[in-house]
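Trainee: My questions are about this predicted structure, shown below with the sequence.
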Amino acid sequence: MTSQTLNIPTADQIRRAPKVLLHDHLDGGLRPGTIIEIARQTGYDGLPETEPDKLGIWFREAADSGSLERYLETFAHTCAVMQTREALVRVAAECAEDLAEDGVVYAEVRYAPEQHLEQGLTLEEVVEAVNQGFREGERRARESGHRIRVGALLTAMRHAARALEIAELANRYRDSGVVGFDIAGAEAGFPPTRHLDAFEYLKRENNHFTIHAGEAFGLPSIWQALQWCGADRLGHGVRIIDDIDVADDGTITLGRLAAYVRDKRIPLEMCPTSNLQTGAADSYAEHPIGLLRRLHFRATVNTDNRLMSGTSMSREFELLTETFGYTLDDMQWFTVNAMKSAFIPFDERLAMINDVIKPGYAELKSEWLFRQTAATSGSTTDLG
Ligand SMILES: O=c1[nH]cnc2c1ncn2[C@@H]1O[C@H](CO)[C@@H](O)[C@H]1O
Ligand SMILES: [Zn+2]
């Protein structure tokens with residue numbers, strides 16, 4: 001047996017390993033208890049449950065519908081309690097804290113400012129409140145011994161018509177906590193080219209954006225996102241699998257689009273559990289991430305919506321480890337892929353890889369080596 005096949009991480013090692021998250025929705029990751037408290041404070045009486053455990057289960061079950069449209073209906077409740085400055089600061093701070101606690105060292109967290117204006121906040125006030133929350137959460141995480149950096153991605157809703165306005169907002173705050181732009185929401189019937197003006201604007205500004213594509217709709221959506229809109233990354237992108245042919249004898253042939261995605265190292269923000277819930281994949285074992293990793297696509301692992309999917313970065317890696325037998329080396333590969341694909345400047349990404357990620361994994365691997373040596377020399381030392 002080689003070390004490759006042996007250094008499968010334990011759940012505890014997965015949690016302690018430095019992780020990088022590129023695709024996480026702020027309004028998809030609230031603590032159930034927080035939703036209940038803010039609903040009480042602000043007089044929102046539409047919650048389906050008023051006890052935290054039950055509410056958490058309700059979100060997971062309601063999101064487990066097999067359809068993206070139904071999955072998205074659950075966000076009405078989280079957005080309803082994210083309409084005041086105080087609520088946004090709190091939710092963002094808790095998001096940063098929760099991610100740090102889970103071992104995430106760098107995260108890009110997205111939300112749609114246009115969904116937080118119901119009680120009179122302006123777009124700018126929304127962005128500033130969320131930024132304040134992220135800074136507060138980073139500080140609290142540091143105090144409890146965790147190190148995390150969080151950048152915001154501003155999302156425009158693809159069924160609406162505010163993409164250019166939101167892209168301009170992202171550009172205005174690019175040196176103050178906002179690292180890029182995204183579009184989200186129902187995919188079928190809302191092609192990314194509807195928002196071409198926003199993407200062209202951002203390109204002229206040398207700014208960065210990702211596009212949810214190839215989740216609930218197939219190759220045409222991915223093709224438009226890349227070749228018409230010029231996306232730097234793909235949110236999900238799982239349907240790229242439709243352009244990869246695996247013959248009975250195992251021969252693999254990439255179509256032109258899949259070859260382009262791999263050749264150009266286009267990052268795929270993959271979210272396995274979310275994909276199972278919306279019907280974009282049938283099981284973990286059949287999730288395209290297995291094949292895409294083997295073919296060396298620039299695949300990354302993400303949570304999408306921790307509340308609706310009942311997940312975390314550690315949980316996603318545990319599931320992948322159980323399914324595909326991934327080792328610490330695989331986990332490091334996904335993590336370095338993600339860090340390389342982040343929207344912060346190159347020198348800062350490099351510093352994260354060299355100063356945080358590589359030393360973190362080296363330490364975990366040395367624990368494993370030490371345990372192997374102890375085992376072969378008959379020692380019973382338990383390294384915990
Ligand atoms: O997986 C997804 N696909 C498409 N849209 C999504 C997904 N998850 C969340 N949102 C949408 O993005 C908005 C801003 O965060 C959320 O309110 C939700 O409507
Ligand atoms: Zn998403």
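Mentor: In hand now; what should we look at? Ligands and ions are numbered 1, 2, ... in the order given.

Trainee: which residues pair with the single nearest residue of the stretch 101-250 of the chain relative to ligand 1 across the strands?
Mentor: Ranking the residues of the stretch 101-250 of the chain by distance to ligand 1 (C-beta to the nearest ligand atom) places residue 184 first, at 3.5 Å. For the C-beta atoms, the positions are set from N, CA and C on the backbone; glycine is no exception. Per DSSP bridges, the residues bridged to residue 184 are residue 157.

Trainee: now swap in residue 21 and tell me
Mentor: Residue 21 forms beta bridges with residue 107, as assigned by DSSP bridges.

Trainee: who are the neighbours in contact with it?
Mentor: The contact partners of residue 21, taken as C-beta atoms under 8 Å, 6 or more residues apart in numbering, are 99, 104, 106, 107, 108, 109, 302, 303, 313, 338.

Trainee: Ok, residue 213 next?
Mentor: Residues in contact with residue 213 (C-beta under 8 Å, 6+ apart) are 187, 192, 221, 222, 224, 225, 231, 234, 235, 236, 237.

Trainee: Now do the phi/psi pair for it.
Mentor: When quoted as degrees, to the nearest 10, the phi and psi of residue 213 stand at phi -150, psi 140.

Trainee: Quick check: chain neighbours aside, which residue is closest to it?
Mentor: residue 225 (3.9 Å; C-beta to C-beta, 6 or more residues apart in numbering).

Trainee: ok, that neighbour - how many residues close by?
Mentor: 27 (other C-beta atoms under 10 Å).

Trainee: Show the end-to-end separation of stretch 349-356, please.
Mentor: Start to finish, the residues bounding stretch 349-356 are 10 Å apart (C-alpha to C-alpha, to the nearest Å).

Trainee: Just the buried positions in that stretch, please.
Mentor: Going by neighbour count (16 or more other C-beta atoms under 10 Å), the buried part of stretch 349-356 is 349, 352, 353, 356.

Trainee: Out of these, which sit inside helices?
Mentor: The helices, defined by DSSP state H, take in 349, 352 from the buried residues of stretch 349-356.

Trainee: and ligand 1, which of the contacts of residue 21 contact it?
Mentor: Filtering those for proximity to ligand 1 by C-beta under 6 Å from any ligand atom leaves nothing.

Trainee: ok, residue 241 - contacts?
Mentor: Taking C-beta under 8 Å, 6+ apart as the contact definition, residue 241 lies against 288, 291, 292.

Trainee: Give me the residue ranges of the stretch 251-384 of the chain where confidence is low.
Mentor: 378-384 (pLDDT under 70).

Trainee: Which secondary structure elements does the helix or strand hosting residue 339 sit against?
Mentor: Following DSSP states H and E, the helix or strand that holds residue 339 is helix 328-341. Applying 3 or more C-beta pairs under 8 Å, 6 or more residues apart in numbering; DSSP states H and E, we find helix 328-341 packed against strand 19-25, helix 289-294, strand 299-301, helix 313-324, helix 346-352, helix 358-376.

Trainee: tell me how far the second one is from the chain's mean position?
Mentor: Its chain's average C-alpha position is 18 Å from that of helix 289-294, according to C-alpha atoms, centre = their mean, to the nearest Å.

Trainee: And for the fifth one?
Mentor: Taking the mean of its C-alpha atoms, helix 346-352 sits 19 Å from the chain's own mean (C-alpha atoms, centre = their mean).

Trainee: who does that helix touch, helix- and strand-wise?
Mentor: Right, helix 346-352 is packed against helix 328-341 by 3+ C-beta pairs under 8 Å, 6+ apart.

Trainee: Near ligand 1, which residues of this structure are found?
Mentor: By the criterion of C-beta under 6 Å from any ligand atom, the positions of the chain lying close to ligand 1 are 25, 27-28, 68, 72, 75, 79, 110-112, 115, 155, 184-185, 212, 215, 274, 304-305.

Trainee: Show the buried residues in these.
Mentor: Among the residues of the chain next to ligand 1, those classed as buried by 16+ other C-beta under 10 Å are 25, 27-28, 68, 72, 75, 110-112, 115, 155, 184-185, 212, 215, 274, 304-305.

Trainee: out of the residues you listed, which are inside helices?
Mentor: Using DSSP H, these in helices are 68, 72, 75, 274.
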